[in-house]
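Trainee: Below are the sequence and a predicted model for it; my questions follow.
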Amino acid sequence: ARRAGGADVVLWVDRGVPAEPGRAIGARAAMGDRFPAEMPAHFLTCFVVADCDEAARTAPELGGRLLNGPEATPYGRFAVLADNQGALFAVVDPSAAGALPAESGA
């Protein structure tokens with residue numbers, strides 16, 4: 001397990017490969033207080049993209065919907081989308097990994 005940005009995250013990598021974000025083939029994140037208690041556990045397919053913001057802008061033009069984000073995460077810019085049939089998926093741009101906004105002291 002690896003804690004990233006206060007989240008409990010487990011990265012899945014090929015056998016014998018270090019558990020590093022750039023080598024991950026999958027991940028599991030605990031759903032914390034940020035999510036409603038009635039939200040069930042689920043899988044979300046995530047695609048690596050060159051530009052998360054561009055993917056989020058393009059999805060509605062192609063019949064999809066932007067559901068959440070884009071937002072900065074420890075693993076890159078991340079957004080949740082739905083295709084034109086309602087299937088959920090996410091996109092992440094790992095080139096922006098670690099670029100989290102500073103938290104305010106307010």
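Mentor: Thanks, I have the structure now. Numbers count the residues shown, from 1 in each chain.
Trainee: What segments of the protein are helices?
Mentor: 52-61 (DSSP state H).
Trainee: Retrieve the pLDDT associated with the residue nearest to the spatial centre of the chain.
Mentor: With distances taken as Cα atoms, centre = their mean, F78 lies nearest the centre of the chain, 4.5 Å away. Listed pLDDT for F78 reads 91.
Trainee: Contacts only, for it.
Mentor: F78 makes contact with C46, C52, G69, P70, E71, A72, A90, V91, V92, D93, according to Cβ atoms under 8 Å, 6 or more residues apart in numbering. All C-beta spots, glycine's among them, are computed from the backbone N, C-alpha and C.
Trainee: change it to 7 Å
Mentor: Counting by Cβ atoms under 7 Å, 6 or more residues apart in numbering, F78 touches C52, G69, P70, E71, A90, V92.
Trainee: Would you check that D93 makes contact with C52?
Mentor: Yes: applying Cβ atoms under 7 Å, one finds D93 in contact with C52, separated by 3.9 Å.
Trainee: what touches both of these two?
Mentor: G76, R77.
Trainee: Mind checking which of the two has more residues around it?
Mentor: Higher neighbour count among D93 and C52: C52, with 25 against 22, using other Cβ atoms under 10 Å.
Trainee: Alright, that wraps it up for me.
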